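> below is the sequence, then the predicted model.
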Amino acid sequence: MEKKNIQAGSPDIEHRYTDAKKQYASFDVDTDSAIRMLSSIPLSIHCWQGDDVIGFDGASRLSGGILATGSYPGRARNGDELRQDAELAFSLIPGKKRFNLHAMYAETGSSKVDRDELQPEHFSRWLAWAKEQHIGLDFNPSFFSHPLAESGFTLSSPDEKVRKFWVRHGIACRRISQYFADELKDEVVNNSWLPDGYKDAPADRLGPRLRLQESLDAMYRETLPNDRVIDTVESKLFGIGSESYVVGSHEFYMGYASKRNMGLCLDMGHFHPTETIADKISSLLLFVPQIVIHMSRGVRWDSDHIVIWSEDLQNVCNEIVRIKAWNRIHILLDYFDASMNRIAAWVIGARSVQKALLFALLEPIDLIRDYEAKGDYFRRLALMEEAKNLPFSSVWDYYCLNQSVPLGNDWFSQVSRYEDDVLRLRAN
Ligand code: RNT
Ligand code: ZN
């Protein structure tokens, strides 16, 4: 892939960086160490933005109460296309990257393999690619877009056969995650989200939750050989078709994860619209070993819009950075927009998260905390506001330059060229 010569304006960028460095230093902030830190924080990029969450196992539409709206041309239709698209996105995103797969992205060749029979070998191409790209992998069982999820219930189904099928799927996925972890000698987040719930008011809220608890216990019973697989469970408030009741609610999984000492996934779109997950992290870290954050953006509802550098995102990143529990918090993207170029969607979201993390790393937190400790609340607030006026963009540009990714909007033309040369030729 041809890269634009980003070195062209570099003397100016270095000059601006030197100035910025001085300004930040006057607030006791070390920009060099912020950049170093940022380049070491892994960001897990979700495969499903590339194909509108369809997968490769024959589903023609997305089910489970989530929705990718839009019909922009160029959706990836197989593993090779998805990998090729992701590679372009990687080249435009600074920092340390991982790739987050769903079970329905298995590559089973000409044989039809149902989800409860998936084996590590069905992901060998993904693994080989991850090795070649020097990236880590994360994984998810897929409890939707499948005939046995059509009733709206999977692990909590009243039908024992259905429950057992999905338990077997969950077990198969943990083993696939273990295979990735062993092969890559790296941690792998194995996150379970399921759509189970009722459209209308249920008469029995307890029964499905008891069944879900039992199924999860069966799914996680097997002790894996080491602790490289990070099992996490993801709650949700409502979905399309499960507006009145979701079995795996926040309380359900918060309780389950803390009781079973396993990880919890917080999706930014899965709470009441004015509720933010920023305030939850410090509490939950006291009770669960690992937290996964699904970076997403709800517009009026859990709409999974592309992540932008919003105040909400900034608050979450501030918390992550302030807490410094780097080995216990994992940052993953989760959104899907089919109304625009999907590679650009990846790049916009990932770069926004990187910006918010950098902004958090550049916060004059020591000074702010001193004011807080002294009860000097006007200085605390005033400094937080003043920090917004520091020359962030000079540090960001310098970081992009160091990471050999395009600066500013220099990446637009690469995406457009790829759209013309590759995406437009795909029949949708
Ligand atoms: C759905 C959850 C879940 C999915 C992905 C595809 O509301 O957020 O994380 O988006 O697993
Ligand atoms: Zn999610």
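Arrived safely, thanks for sending. Ligands and ions are numbered 1, 2, ... in the order given.
> may I ask you to name the longest helix in this protein?
If you go by DSSP state H, the chain has its longest helix at helix 160-184.
> contacting residues around the helix or strand following that helix?
Next helix or strand after helix 160-184 toward the C-terminus (DSSP states H and E): strand 188-192. Outside strand 188-192, the residues that touch it by C-beta atoms under 8 Å, 6 or more residues apart in numbering are 44, 100, 136-141, 143, 170, 173-174, 177-178, 180-181, 216, 219, 228-234, 263, 265, 292, 330, 332. Where C-beta positions appear, they are placed from N, C-alpha and C, glycine not excepted.
> which residues of the protein score low on pLDDT?
1-9, 428 (pLDDT under 70).
> so Val53 touches Gly64, yeah?
No - look at Val53 against Gly64 with C-beta atoms under 8 Å: they stay out of range, at 9.0 Å.
> who touches the nearest residue in space to Ala181 that is not next to it in sequence in this structure?
Nearest residue to Ala181, sequence neighbours excluded (C-beta to C-beta, 6 or more residues apart in numbering): Arg228, at 3.7 Å. Contact analysis of Arg228 by C-beta under 8 Å, 6+ apart lists Gln178, Ala181, Asp182, Asp186, Glu187, Val188.
> need the residues of this structure near ligand 1, please.
With C-beta under 6 Å from any ligand atom as the criterion, the chain meets ligand 1 at residues Trp48, Val53, Ile66, Asn140, Trp193, Glu234, Lys236, Asp267, His294, Asp334.
> and if we set it to 5 Å?
Within the chain, the residues that sit near ligand 1 (C-beta under 5 Å from any ligand atom) are Ile66, Trp193, Asp267, Asp334.
> now do the last one against Thr274, distance only.
Going back to what we said before, that points to Asp334. 20 Å (C-beta to C-beta, to the nearest Å).
> give me the more crowded residue out of the two.
Asp334 (28 against 5; other C-beta atoms under 10 Å).
> now the more buried one. Nearest residue, chain neighbours left out?
His294 (3.8 Å).
> mind saving the C-alpha coords of the helix or strand hosting the one you found as CSV?
Using DSSP H and E, His294 sits in strand 291-295. These are the backbone C-alpha positions of strand 291-295, laid out as CSV (Å, rounded to 0.1, in the frame of the first residue of the first chain):
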residue,chain,number,x,y,z
ILE,A,291,-13.0,-4.9,33.0
VAL,A,292,-13.5,-4.7,29.2
ILE,A,293,-14.8,-1.5,27.7
HIS,A,294,-16.8,-1.6,24.5
MET,A,295,-16.3,1.9,23.1
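> distance from it to the middle of the chain?
Its chain's C-alpha centre and that of strand 291-295 lie 6 Å apart, by C-alpha atoms, centre = their mean, to the nearest Å.
> can you list contacts of it?
Outside strand 291-295, the residues that reach it (C-beta under 8 Å, 6+ apart) are 189, 191, 230, 232, 234, 263-270, 277, 281, 284-285, 307, 313, 316, 320, 328-335, 349, 353.
> cool, and stretch 310-323?
Against stretch 310-323 from outside (C-beta under 8 Å, 6+ apart): 268, 276-279, 281-282, 285, 293, 295, 297, 307, 329, 331, 352-353, 356-357, 359-361, 363, 365.
> show me which residues of it are buried.
Residues of stretch 310-323 classed as buried: Asp312, Leu313, Gln314, Asn315, Val316, Cys317, Asn318, Glu319, Ile320, Val321 (neighbour count, 16 or more other C-beta atoms under 10 Å).
> stretch 256-274 too?
Quick answer for stretch 256-274 (16+ other C-beta under 10 Å): Tyr256, Ala257, Met262, Gly263, Leu264, Cys265, Leu266, Asp267, Met268, Gly269, His270, Phe271.
> how big is the angle separating the longest helix of the chain from strand 188-192?
Counting by axes from the mean of the first three to the mean of the last three C-alpha atoms, to 10 degrees, helix 160-184 lies at 170 degrees to strand 188-192.
> pull out the buried residues from helix 160-184.
By neighbour count on 16+ other C-beta under 10 Å, the buried set for helix 160-184 is 162-163, 165-174, 176-184.
> so which residues of this protein form helices?
Secondary structure of the chain (DSSP H): helices located at 10-25, 31-40, 79-92, 124-133, 160-184, 206-220, 250-259, 281-284, 311-323, 342-361, 365-373, 377-387, 392-402, 412-421.
> now the fourth one: how far from the chain's centre is it?
A distance of 19 Å separates the centroid of the chain from that of helix 124-133, by C-alpha atoms, centre = their mean.
> hmm, back to that, with the residues of the chain next to ligand 1 in mind, which one is nearest to Pro120?
Nearest to Pro120, judged by C-beta to C-beta, of those is Trp193 at 21.7 Å.
> give me the neighbour count for the nearest residue to that closest one once chain neighbours are set aside.
Excluding its sequence neighbours, the residue lying closest to Trp193 (C-beta to C-beta, 6+ apart) is Glu234, at 3.9 Å. Look at Glu234: counted by other C-beta under 10 Å, it has 21 neighbours.
> isn't Val246 up against Glu234?
No - Val246 lies out of contact with Glu234 (C-beta under 8 Å); the separation is 11.0 Å.
> ligand 2 next: which of the residues of the chain next to ligand 1 are close?
With the criterion set as C-beta under 5 Å from the ion, the members of these near ligand 2 are Asp267, Asp334.
> backbone torsions only: list them for the closest residue to ligand 1 within the stretch 101-250 of the chain.
Distances between the stretch 101-250 of the chain and ligand 1 by C-beta to the nearest ligand atom are smallest at Trp193, namely 4.1 Å. Main-chain torsions, Trp193, degrees, to the nearest 10: phi -130, psi 140.
> neighbours of it, how many?
With neighbours defined by other C-beta under 10 Å, the count for Trp193 comes to 24.
> over to Lys388?
Lys388 has 10 nearby residues by other C-beta under 10 Å.
> same question, the one 10 residues further on
For Tyr398, the count of nearby residues is 23 (other C-beta under 10 Å).
> how much space between it and ligand 1?
The spacing between Tyr398 and ligand 1, counted by C-beta to the nearest ligand atom, to the nearest Å, is 34 Å.
> what's across from Val292 in the sheet?
Here Val292 sits in beta bridges with Cys265, His330, going by DSSP bridges.
> so how far is ligand 2 from it?
As judged by C-beta to the ion, to the nearest Å, Val292 and ligand 2 stand 9 Å apart.
> which residue lies farthest from the center of this structure?
In the chain, Lys374 marks the outermost C-alpha relative to the chain mean, sitting 37.6 Å out by C-alpha atoms, centre = their mean.
> looking at the buried residues of stretch 256-274, which is nearest ligand 1?
After measuring those against ligand 1 - C-beta to the nearest ligand atom - the closest member comes out as Asp267, at 4.5 Å.
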